[in-house]
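In: Structure for this input, please:
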Amino acid sequence: MSYISGYHHLTLSTDGAQEDYDFYTKTLGLHSIKRTVLFDGVIPVYHLYYGAKNGDPSTIVTTFPFRKPGIYGKRGTNQSKIIQLSIPLGSSEFWVNRLNERGIKASMSSRFGITRVSLAHPCGIDHELVESPADTREPITNERQGIGPHHGIRGIYGAAVAVFDRTSMDDFLTIALGMKKEADSEEGLMFSVPNAGGPSSMVEVLHEPTGPQGTWTLSGGTIHHLALNTGNEENQLKLKAHIEGLGFTDVSDQKDRNYFKSCYVRSPGGALFEIAWSVEGGWAKDEPADAIGSTLVFPPWFEDRREELIAGLEPANF
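Out: Numbering: from 1, shown residues only. Model (predicted):
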């Protein structure tokens, strides 16, 4: 039995809040799901969530725009490298044309025999829109942005991780996280994330043994973590115990993220993995269910810092 069912979300640290919001909501046609602040540390930084309109797990991409504090990292190896979102078969040409028309350089490519569109977020982080043959989720439509059901993003496909050492990452993904190796070639390794609906989301491992070490801290221009969905607390704690039993004793304590609860573990390939489950109420805990992502909200433990946090955030029009 697997303790994981697909992805929960992907999180990256970007640059400007406005360009980040416009990229995900206007260019890619995702919906704003939640607008709050980074819960860790003391520096006021937005935490922006995007995905399907109702915030389904496995559709969510979240960002920390770091332009205001001006903290930036280094992209390299031993680090998560590419954010991958699933699109319908045959929709790549639409996306290449749409992105190029908007001044975002995009081109078709292929890895593991799967067609994808390669592009970069305005902050420089590589993204891919992947024609996932096994993904049957309803595409995320956005009539206002001109994205219909034949082209809309379906949600998370996965992420690519650049590593010094393929073997240690192979062991971690298959033994610690229970993923299945689907491909092993000169292009890299591909592992399917356990999912009740079948193998439709992946972790790809790219062997880059000679590049510089990428930054692991919260810093603009880098991917921070890849969150897997355990569905509930029981699965999360059993998986935590399993990973610790293998010797990865640095699995974090459970952290309260208000809308979900999380534990984190650093993989041998550098990527930070999170195992998470959504709490009762989810995104509608602090906004009406039909208006999530429309206001700036704070967790109860930050209410006494509300004015200080608002004053420290970067100006942006959402």
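
In: From residue 62, how far off is the nearest residue to residue 258 once chain neighbours are set aside?
Out: Among residues not flanking residue 258 along the chain, residue 299 sits closest, at 4.4 Å (C-beta to C-beta, 6 or more residues apart in numbering). Yep, even glycine has a C-beta here, placed from its N, CA and C like the rest. According to C-beta to C-beta, to the nearest Å, residue 299 stands 15 Å off from residue 62.

In: neighbour count winner among the two?
Out: More crowded of residue 299 and residue 62, by other C-beta atoms under 10 Å: residue 62, with 21 against 15.

In: Which strand or helix spans the more buried one?
Out: strand 60-65 (DSSP states H and E).

In: Report the backbone C-alpha coordinates of that strand in PDB.
Out: Coordinates of each C-alpha in strand 60-65 appear next as PDB, following Å, rounded to 0.1, in the frame of the first residue of the first chain:
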ATOM      1  CA  ILE A  60      -1.500  23.900  -7.200                       C
ATOM      2  CA  VAL A  61       1.600  25.900  -7.900                       C
ATOM      3  CA  THR A  62       2.700  28.300  -5.100                       C
ATOM      4  CA  THR A  63       5.200  31.000  -5.100                       C
ATOM      5  CA  PHE A  64       7.200  33.300  -2.800                       C
ATOM      6  CA  PRO A  65       8.100  36.500  -4.800                       C
END
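
In: ok, then the element right after that strand?
Out: Proceeding N to C from strand 60-65, the next assigned helix or strand is strand 79-87, under DSSP H and E.

In: okay, the angle between that next one and strand 60-65?
Out: 130 degrees (axes from the mean of the first three to the mean of the last three C-alpha atoms, to 10 degrees).

In: give me the number of residues near residue 274?
Out: With other C-beta under 10 Å as criterion, residue 274 counts 24.

In: re earlier: need the residues that contact the strand holding residue 62.
Out: Residues outside strand 60-65 that contact it (C-beta atoms under 8 Å, 6 or more residues apart in numbering): 8-17, 20, 24, 30, 33, 38, 45-51, 83, 85, 156, 218, 220, 224, 314.

In: which residues in the stretch 151-300 of the chain form helices?
Out: Counting by DSSP state H, counting those that start in this stretch, one finds helices in the stretch 151-300 of the chain at the ranges 166-171, 233-245.

In: any chance of those in JSON lines, plus mean pLDDT and mean neighbour count?
Out: Listed next are the helices of the stretch 151-300 of the chain as JSON lines, based on pLDDT from 0 to 100; neighbours: other C-beta atoms under 10 Å:
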{"stretch": "helix 166-171", "mean pLDDT": "96", "mean neighbour count": "16"}
{"stretch": "helix 233-245", "mean pLDDT": "98", "mean neighbour count": "16"}
